[in-house]
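J.: Kindly generate the corresponding structure for this input.
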Amino acid sequence: MGAQRTSFAKLQRERAKKAKAAAKRERRLERDTDAGSGVERPTVGEGGDLTAAELLERVEQIHRQFAAKQISHEDFEEQKADLLARLPVD
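T.: Residues are numbered from 1 along each chain as shown. Alright, predicted model coming up:
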């Protein structure tokens, strides 16, 4: 017997969580830009066709920012998860 398919309600909840996280990320970026932090962050979000090498470079970049204490642990984990989720799997 096959696995049960994901319900439509669950898909809607997952999409809503992603949209809420994206909005939160945008507000945080705007706040940091307004504060004049000068820290350039990799852009993560829907769209944007990046190669696997470019995505891995951005993961390395956020690792460097986290090591230099330029971003918080929560931001680091969120951005890393977003980037890794966008990696193509063959």
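
J.: now stretch 54-70, how far from the chain's geometric center?
T.: Centre-to-centre, stretch 54-70 and its host chain are 12 Å apart (C-alpha atoms, centre = their mean, to the nearest Å).

J.: before we move on, what about stretch 24-35?
T.: With C-alpha atoms, centre = their mean as the basis, stretch 24-35 stands 14 Å off its chain's centre.

J.: List the buried residues in that stretch.
T.: When neighbours are counted by 16 or more other C-beta atoms under 10 Å, the buried residues of stretch 24-35 are found to be R25, R28, D32. In short, each C-beta sits where N, CA and C put it, glycine included.

J.: For the first one, give its distance to P88.
T.: In this case it means R25. In this view, R25 and P88 are 22 Å apart by C-beta to C-beta, to the nearest Å.

J.: buried residues in stretch 65-74?
T.: For stretch 65-74, burial by neighbour count (16+ other C-beta under 10 Å) applies to Q65, F66, Q70, I71.

J.: For I71, which three-state class applies?
T.: Per DSSP: H, G, I helix; E, B strand; the rest coil, the local secondary structure of I71 is coil.

J.: circling back: nearest to S7, of the buried residues of stretch 24-35?
T.: The closest of these to S7 turns out to be R25 (C-beta to C-beta; 26.9 Å).

J.: name the element that closest one belongs to?
T.: Element membership for R25, per DSSP states H and E: helix 8-34.

J.: From the chain's centroid, how far away is that helix?
T.: The answer for helix 8-34 is 10 Å, by C-alpha atoms, centre = their mean.

J.: ok, now stretch 65-78?
T.: 12 Å.
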